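Asks: please find the sequence and the predicted model below.
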Amino acid sequence: MSDLDLTKIKKVFFIGIGGIGISALAQMLFNNGISVSGVTDEEGKAVDVLRELGINVLISKTVFGIAEADLYVYSDAWLYRGPEIIAQARNTGKLVLSYFEALGEISKKYKVIAISGTHGKTTTSAMVAEMLLDAGLDPTVIVGSFVKRFGSNFKKGNSEYLVVEADEFNRHMLFFKPYIGAITNIEADHLDVYKDLNDIKSAFEKFLAQSENKIVDYSKYLDKVPELLVPGEHNRKNAALALAVADVLGINEEISKKSLASFSGTWRRLEKRGVTEKGTIVYDDYAHHPTEVKASLQALRELYPRGTKVITVVFQPHLYSRTKDFFKEFSEAFDDADNVILLPIYFAREDPDPSVSSDKLAEAICLHRGEAVAFKDFADAEAYVRGINLEGKDVFVTMGAGEAYKVADNVLKFK
């Protein structure tokens, strides 16, 4: 498609505006003086931020008489969750774009620093954003989480730089032609849209071919990573990639290292949420791939070695297809946890698949390591957690890309 001319766009309606990425784009356009509104299907932190700005957000699963707009932008998840709403938008005859199509078009006026890869995109993007801020480069930032330093998933900048998290699902990263294209790592995932690992590699190769500066091998920067506030070997690798980006940009290494040393993390990325009156430490983590689960639990064991704390994980598998494709890997991913509680699979954009379930995964985890239990719904899981005597010896972790964090919200009091 031709370049999107924002000067001709006065009103934009977002379908799925409560999503963590698309809500950042809504803020970006709002900050450019465009009238923004949208629909999503549930309340949440992203919706709260939008409403604080004065953006009108409708909570609904169906919309009749869709709002008039010059441009409609939809979240890919709503191709499944609200296809009739997207159809209504198309019937208006106005321009309709997916989130990444719109972001890719808007990004053309920037020097884009696009962070892609299977794992670590959000944290690395946030690290890079903070380094550019500390170096005085004042980037615009769109990240798939809330960065603690600026309390949002969006930051308006006044320079030519745009830092974006370039998602690989549905080949979204190919909508960018970055000034810097960086890949954290490549592993099999999203096998509902990719044929196999070679297909995934091929897509990333195309992403790099579209990039002016390419960063793939950042091993020489590992020794330069300072002591970090965020734990885990995976975060040290994220920081090494961030240093590589800083090097391409000519940022002073001392500034980069100081910035990384003060990086405090992002929302839902091994986020320490608080401590209960009895001393139980509560975390939440977005890990939803077995490699991520394993890395997050290893990071927690760095902080709380065996014998010092009992780690209880409440995990919600994300997608029937991912659970099925990596069933064996998931069954072996919880070795650093003492207790595993499984919630029903978060289906997101899929129809149920009776051949895979949390019950079956719990059985496989028990065969591999011992203790795991699955529940048919949140209410039963929450009742079970209430029956556990969580004290100062315990670390309680909610984990997954869905809504596992609600278990802590509903059962525990922490601050």
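Replies: Arrived safely, thanks for sending.
Asks: go through stretch 305-324 and flag the buried ones.
Replies: In terms of neighbour count (16 or more other Cβ atoms under 10 Å), stretch 305-324 has its buried residues at 309-324. In this view, the C-beta of every residue, glycine as well, is placed from N, C-alpha and C.
Asks: contacts for stretch 352-361, please.
Replies: Around stretch 352-361, the neighbours that count as contacts under Cβ atoms under 8 Å, 6 or more residues apart in numbering are 317, 320-321, 323-324, 327, 330-331, 342-345, 372, 374-375.
Asks: hmm, back to that, and of the buried residues of stretch 305-324, the nearest to Glu43?
Replies: Checking the buried residues of stretch 305-324 against Glu43 by Cβ to Cβ gives Gln316 as the nearest, at 18.6 Å.
Asks: now do that closest one against Lys237, distance only.
Replies: To Lys237, Gln316 is 26 Å away according to Cβ to Cβ, to the nearest Å.
Asks: for Thr280, same thing?
Replies: 30 Å.
Asks: regarding Glu130, what is its secondary structure?
Replies: Three-state call for Glu130 (DSSP: H, G, I helix; E, B strand; the rest coil): helix.
Asks: what helix or strand is the residue lying closest to it once chain neighbours are set aside on?
Replies: Leaving aside its sequence neighbours, Glu130 sits nearest to Ser259 (Cβ to Cβ, 6 or more residues apart in numbering; 5.4 Å). According to DSSP states H and E, Ser259 maps onto helix 253-261.
Asks: just the buried residues of that helix, please?
Replies: Buried residues in helix 253-261, defined by neighbour count with 16+ other Cβ under 10 Å: Ser256, Lys257, Ser259, Leu260.
Asks: Lys224: which of those is nearest?
Replies: Lys257 (7.0 Å).
Asks: tell me which residues touch the closest one, please.
Replies: Counting by Cβ under 8 Å, 6+ apart, the residues that Lys257 touches are Lys224, Val225, Pro226, Leu243.
Asks: what's the burial count for the residue nearest to the first one when sequence neighbours are not counted?
Replies: Spatially, and ignoring its direct neighbours in sequence, Lys224 is nearest to Leu243 (5.7 Å; Cβ to Cβ, 6+ apart). When neighbours are counted by other Cβ atoms under 10 Å, Leu243 registers 25.
Asks: tell me how this structure divides into domains.
Replies: 8-103, 110-261, 271-411 (automatic domain parsing).
Asks: now those in CSV, with mean pLDDT?
Replies: CSV is the format used below for those (pLDDT from 0 to 100):
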stretch, mean pLDDT
domain 8-103, 93
domain 110-261, 96
domain 271-411, 94
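Asks: which of the contacts of stretch 352-361 fall within strands?
Replies: Members of those lying in strands (criterion: DSSP state E): Leu342, Ala372, Ala374.
Asks: contacting residues around the second one?
Replies: Looking back up the chat, that one is Ala372. Phe334, Asn339, Val340, Ile341, Leu342, Leu361, Ala362, Glu363, Ile365, Cys366.
Asks: ok, back up a step: the residue nearest to Lys224 and Arg51: what is the separation?
Replies: Leu243 is 37 Å from Arg51, by Cβ to Cβ.
Asks: just the strands in the stretch 151-300 of the chain please.
Replies: 152-155, 161-165, 180-183, 213-215, 271-275, 281-285 (DSSP state E, counting those that start in this stretch).
Asks: now the ones you listed as TSV including mean neighbour count and distance to Arg171?
Replies: Below are the strands of the stretch 151-300 of the chain laid out as TSV (neighbours: other Cβ atoms under 10 Å; distance: least, Cβ to Cβ, whole Å):
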stretch	mean neighbour count	distance to Arg171
strand 152-155	23	22
strand 161-165	27	15
strand 180-183	25	14
strand 213-215	17	17
strand 271-275	16	29
strand 281-285	23	26
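Asks: and those as TSV, adding distance to Val143?
Replies: Converted to TSV, these look like this (distance: least, Cβ to Cβ, whole Å):
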stretch	distance to Val143
strand 152-155	5
strand 161-165	5
strand 180-183	14
strand 213-215	18
strand 271-275	14
strand 281-285	16
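Asks: figure out which of these is closest to Leu95.
Replies: That would be strand 161-165 among the strands of the stretch 151-300 of the chain, by Cβ to Cβ, at 21.0 Å.
Asks: so what strands line up beside the closest one?
Replies: strand 111-116 (parallel), strand 140-147 (parallel) (DSSP bridges).
Asks: can you tell me which of these comes nearest to Asn56?
Replies: strand 140-147 (21.1 Å).
Asks: can you give me the angle that closest one makes with strand 271-275?
Replies: Angle, strand 140-147 to strand 271-275, by axes from the mean of the first three to the mean of the last three Cα atoms, to 10 degrees: 40 degrees.
Asks: contacting residues around strand 140-147?
Replies: 20-21, 24-25, 28, 45, 103, 110, 121-122, 125-126, 129-130, 150, 152-157, 159, 161-165, 167, 266-269, 286.
Asks: please apply the same query to stretch 185-204.
Replies: Outside stretch 185-204, the residues that touch it by Cβ under 8 Å, 6+ apart are 116-120, 168-171, 173-174, 183, 237, 289, 291, 319, 321-322, 325-326, 350.
Asks: any quick PyMOL command for the buried ones out of those?
Replies: Remark: buried members of those, expressed as a PyMOL selection using 16+ other Cβ under 10 Å:
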select buried, resi 116+117+118+119+120+168+170+171+173+174+183+237+289+291+319+321+322+325+326
